[in-house]
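Student: Here is my input, please return the structure:
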Amino acid sequence: MKPSAARFAECLQSAFGAVHGSVRLSALGRGSHGRGYRASFIRNGAARKVIIKALDKHIGLGHDYPSDRAGVFLLAFENYGKFPSHVKALDVFSIQPDGSAMSISGGAEYYLVMEEGEGASYFDDLREMKGLKNLRRQDRERVSALARFIARAHAKKKDAPSLYLRKVRDIIGHGECLMGVFDTYTEDNRFTNLREMAAIEKACIDWRAVLKGKTGRLSRVHGDFHPGNILFNGRKSFCLLDRSRGEYGEPADDVTALCINYIFFSLMEYGEMAGAYDEALSLFYDEYIAVSGDGAINEVSAPFYAFRAAVVANPLFYAGVADDVRGKLLAFAHGVLRVRLFDPAGVNRYISGGLRFRKRFF
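Tutor: Numbering: from 1, shown residues only. Next up is the predicted model:
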């Protein structure tokens, strides 16, 4: 959004005591990341000038969303004055939907205020599936409801190749994703080591080359579609929490975020994929593909499953899980990364192959 001289004048008058009617805004030109403006005004009888910087949103570089650009500028505001001989950052302005500008700088911390979600976590359903050979009617209805809902959500597409590449890059290197999660593993854990984690990371990097040609798959996503963020408040009705890491991405991110939990809970109960959990995984994929028509999702899921396996295997997030289960989750990651097409019926095969592969790290 191009800044309005009149609106910025109002903000500069408030923030810097500029004399009313004295503010002049002029364009300086463009750089590789964005553009700049010079604001000249009178304050306390003296002429002053400040530079206003804006970032472009269509070039990639992690600047895609307004929150990204806000983060860049808030970090700049905090750090410019801490480096020798650097110009000072004076403020960070936000242009509001009505065109007005307001200061958002100087916060010691930031908080999000939201509505309260009501309902029971889908984790409760997964716990109740324990020991069941087959899904109950309500289980089937809810698996179907979740699959159909997220498939319809993914129907909204966007033509923005840089955003798709970002999602693929982030799933590996973002601080909340694979590498960041592995960095929270303690060195004294008894189920993995740095060599194994590095091997999973390297395999995911190889997958980037496969996914770079899939930018047409960019879709609206939730970004953290796991059971703790799904609250059922009726037999098939639910609300969602904590949408994460951007509005658009790869649909497999949402599918794997949920489906890894059918695998996780089955491993905790049976040591393999079995029972109602196995049926739930199969049903979810059948329903999802029936609604979305996206059979190709099985061609792109591997690095997303690796990330989600690293999450549920992490003692920081899930305490009290046996090391054997954690090891099998990482074995599953190895297994899916070594095949080109994910088969929901092949989970035990991926785990077995991954367990053999893991031996080289110990």
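Student: Spatially central residue for this structure, please.
Tutor: Residue closest to the average C-alpha location in the chain (C-alpha atoms, centre = their mean): R245, at 3.3 Å.
Student: ok, G335 touching I351?
Tutor: Yes. G335 is within contact range of I351, at 6.0 Å (criterion: C-beta atoms under 8 Å). The way it works is simple: take the backbone N, C-alpha and C, and place the C-beta from them, glycine included.
Student: okay, the two: which has more neighbours?
Tutor: Neighbour comparison, G335 and I351: the larger count goes to G335, with 28 against 24 (by other C-beta atoms under 10 Å).
Student: helix/strand/coil for the nearest residue to that one once chain neighbours are set aside?
Tutor: In this structure, G335 finds its nearest non-sequential neighbour in Y350, 2.8 Å apart by C-beta to C-beta, 6 or more residues apart in numbering. Assigned with DSSP: H, G, I helix; E, B strand; the rest coil, Y350 falls in the helix class.
Student: and Y350, what does it touch?
Tutor: Neighbouring residues of Y350 by C-beta atoms under 8 Å, 6 or more residues apart in numbering: 331-332, 334-336, 339.
Student: so can I have CSV of the residues you listed showing distance to A15 and pLDDT?
Tutor: Below are the contacts of Y350 laid out as CSV (distance: C-beta to C-beta, whole Å; pLDDT from 0 to 100):
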residue, distance to A15, pLDDT
A331, 57, 98
F332, 54, 98
H334, 55, 98
G335, 57, 98
V336, 53, 98
V339, 57, 97
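Student: G117 belongs to a helix?
Tutor: No. Using three-state DSSP, the assignment for G117 is coil, not a helix.
Student: let's number from 645 now, not from 1
Tutor: New numbering, starting at 645: the last item is G761.
Student: Is A698 bridged to anything, and to what?
Tutor: For A698, the beta-bridge partners under DSSP bridges are R679.
Student: Let me know whether it touches R674 as I believe.
Tutor: No. Counting by C-beta under 8 Å, A698 stays clear of R674, with 9.6 Å between them.
Student: the more surrounded of the two?
Tutor: The neighbour count for A698 versus R674, taken as other C-beta under 10 Å, is higher for A698 (18 against 11).
Student: Look up the pLDDT of that one for me, please.
Tutor: The model reports A698 with a pLDDT of 82.
Student: In contact with it, which residues?
Tutor: 647, 678-681.
Student: what's the answer for G997, then?
Tutor: Neighbours of G997 in contact, by C-beta under 8 Å, 6+ apart: 975, 978-979, 982.
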